[in-house]
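Enquirer: Structure here, sequence nowhere to be found:
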């Protein structure tokens, strides 16, 4: 049984995780695709809920065994990916998959799933607003914030490759706009 996919992408700090969590509460038969990564969990993250945290060696073995639908080295020695078994588990339960991924991952998933996917780019109102949000999180040092901002500039250039772009100037408004798009796509 194959379902559909909702792919939410954005630069780090643009609000994709908040919008994903909102959609999961909306009775749309969506289930979150838990990505695999080799980094350490951030404060409050739970293994098997937010990510499947594995070793670098374990990640590389899964690449070699072609277990990923998509994977990438997001930052040097920082790997993220989507396991085929995760997608099949969700579809076999009769649900549709929702992804909360970075832009490169989103573009790979869009290409892989084709017509079965709706790819939505969540855009921050500005780079300045994005920087404020990243600083407000309090989870990264200055070097990481600067890396994320530099990457965000590149990612914003890719927004044109997505099915829809939603500017997250106001979270509640962005959530409603995304909900309308997703509801329509799933029908």
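Expert: That came through, no problem. Predicted, not measured: the structure shown is a model, and the values here were computed from it. Numbering: from 1, shown residues only.
Enquirer: What score does residue 81 have for pLDDT?
Expert: Per-residue confidence (pLDDT) for residue 81: 94.
Enquirer: what about the residue nearest to it when sequence neighbours are not counted, how many residues close to it?
Expert: Excluding the flanking residues, the one nearest residue 81 by Cβ to Cβ, 6 or more residues apart in numbering is residue 71, at 3.0 Å. For glycine as for every other residue, the C-beta is placed from the backbone atoms N, C-alpha and C. Residue 71: 22 surrounding residues under other Cβ atoms under 10 Å.
Enquirer: And for residue 130?
Expert: For residue 130, using other Cβ under 10 Å, the count is 25.
Enquirer: Please apply the same query to residue 94.
Expert: Neighbourhood size, residue 94 [other Cβ under 10 Å]: 10.
Enquirer: Phi and psi next, for it.
Expert: phi 80, psi 10 (degrees, to the nearest 10).
Enquirer: still on that earlier bit, how about the helix or strand harbouring the residue nearest to residue 81: buried residues?
Expert: Assigned by DSSP states H and E, residue 71 belongs to strand 68-75. Residues 68, 69, 70, 71, 72, 74 are the ones in strand 68-75 that count as buried (16 or more other Cβ atoms under 10 Å).
Enquirer: which residues sit against stretch 22-31?
Expert: Contacts to stretch 22-31, defined as Cβ atoms under 8 Å, 6 or more residues apart in numbering, come from residues 6, 8, 32, 90, 93-98, 175, 178-179, 182-183, 186.
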